[in-house]
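K.L.:
quick one, structure for this:
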Amino acid sequence: NTSQSMVSVKSEPNANVSSNVDPIGSGDTQRKKYRLQYQPLEDEPELWLDAPLIKIKEFERKFPDLALWPKNGDVIKNENSNLNDAFNKQWYSIANQIIQALSKYEGGHIFERLVDTKKQNCPDYYDVIKNPMSFSCIKAKLKKGQYSSPQEFISDVQLVFYNCSIYNTAGTIVAITGKNIEAYFNNQLIVTGFNNFVQKEKNINEHLQKVEEENERWAEEHPNNVKEEDGENNNELNQASGNQLNNEMNNEQNDEVNNED
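P.N.:
Numbering: from 1, shown residues only. As a prediction, the model looks like this:
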């Protein structure tokens, strides 16, 4: 279950929007940064996440007198934002444990790095395998905070074993090893509780989807109350920071794959 309305507005050094403000009208203008956070899961009261645009709009319509955002706010770059997210920190830690365990499992070295077609005498590998993946690539993506959901991590690990089954004939030592490590991986998802994070994120996303639908209905019912200027301003801030981060992450991922042995 997800929390419906628990939110918190904080003035912190690592927030996303900043502005020169005078909080008590004393004439002493200070540089402050603001962070809106919310509780995504009722059964985890200590977990607070930075509010996405959907939750910001919800806060604006529910608490219009409090939602007075600075119109001249500027974007503060947040490095490795996925690593800084409280929810992601939880499953990132377990994901790192799992991928390290896979590397140490019997035969795990086979999948540690991307296939070297010359050293491994398989010149047609990349003609057959269009989406190569390795344990070292996954480790690099975890280190750089490139996974935005636990399912993305699972999908990359599964891709390693899928590629193995596609290229290697059933019954060969590599194919058998791949199946064994895949079975071990599936068991680790259960015993470490990693699968629980997939469900938790699904609950969070379902809640955000409901909030978005409520925001849209409210906007249709109260067209005169919609703060178009503020909404566009917030949207521009979020899109600018989001697009910049996505571009950087894509570039880093391409560099990592190109640099693999």
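K.L.:
any weak-confidence spans in this protein?
P.N.:
1-34, 67-82, 225-261 (pLDDT under 70).
K.L.:
residues near Glu216, how many?
P.N.:
11 (other CB atoms under 10 Å). C-beta: built from backbone N, CA, C; applies to glycine.
K.L.:
for Leu53, see how far away it is.
P.N.:
13 Å (CB to CB, to the nearest Å).
K.L.:
all helices for the stretch 151-261 of the chain, in order.
P.N.:
Listed in chain order, the helices of the stretch 151-261 of the chain (DSSP state H, counting those that start in this stretch) span 173-191, 194-221, 228-259.
K.L.:
show me what the shortest one is packed against.
P.N.:
Using 3 or more CB pairs under 8 Å, 6 or more residues apart in numbering; DSSP states H and E as the contact test, the elements touching helix 173-191 are helix 86-104, helix 150-167.
K.L.:
what comes up buried for the shortest one?
P.N.:
Judged by neighbour count (16 or more other CB atoms under 10 Å), helix 150-167 contains these buried residues: Pro150, Phe153, Ile154, Asp156, Val157, Leu159, Val160, Phe161, Tyr162, Asn163, Cys164, Tyr167.
K.L.:
and what of stretch 118-133?
P.N.:
Buried-residue list, stretch 118-133, by 16+ other CB under 10 Å: Cys122, Tyr125, Ile129, Met133.
K.L.:
for that stretch, measure first residue to last.
P.N.:
Stretch 118-133 has an end-to-end distance of 17 Å (criterion: CA to CA, to the nearest Å).
K.L.:
give me the contacts around it.
P.N.:
Identification of contacts with stretch 118-133 by CB atoms under 8 Å, 6 or more residues apart in numbering yields Leu114, Val115, Thr117, Asp156, Leu159, Val160, Asn163, Ile166, Tyr167, Val257.
K.L.:
so Glu42 lies in a helix, does it not?
P.N.:
No. Per DSSP: H, G, I helix; E, B strand; the rest coil, Glu42 lies outside any helix segment and is coil.
K.L.:
list phi and psi for it.
P.N.:
Dihedral angles of Glu42 (phi, psi; degrees, to the nearest 10) stand at phi -60, psi -30.
K.L.:
confirm that Gln37 sits in a strand.
P.N.:
Yes. Checked against three-state DSSP, Gln37 lies within a strand.
K.L.:
hang on, it packs against Leu49?
P.N.:
Yes. Between Gln37 and Leu49 there is a contact at 6.2 Å, judged by CB atoms under 8 Å.
K.L.:
the two: who's more crowded?
P.N.:
Between Gln37 and Leu49, Gln37 has the larger neighbour count (other CB under 10 Å), namely 19 against 16.
K.L.:
give the bridge partners for that one, please.
P.N.:
Ser8, Asp50 (DSSP bridges).
K.L.:
from Leu47, how far out is it?
P.N.:
Relative to Leu47, and taking CB to CB, Gln37 is found at 10 Å.
K.L.:
do a quick rundown of the strands in the stretch 1-150 of the chain.
P.N.:
Using DSSP state E, counting those that start in this stretch, the strands found in the stretch 1-150 of the chain span residues 7-11, 17-21, 30-38, 49-50, 74-75.
K.L.:
check contacts around Asn96.
P.N.:
Asn96 neighbours (CB under 8 Å, 6+ apart): Lys139, Leu142.
K.L.:
how far away is it from Glu201?
P.N.:
Asn96 is 18 Å from Glu201, by CB to CB.
K.L.:
not counting sequence-adjacent ones, nearest residue to Thr177?
P.N.:
Leaving out its chain neighbours, the residue that sits closest to Thr177 by CB to CB, 6 or more residues apart in numbering is Gly107, at 3.7 Å.
K.L.:
pretty sure that neighbour is touching Lys179, no?
P.N.:
No. In this structure, Gly107 is not within contact of Lys179 by CB under 8 Å, at 10.3 Å.
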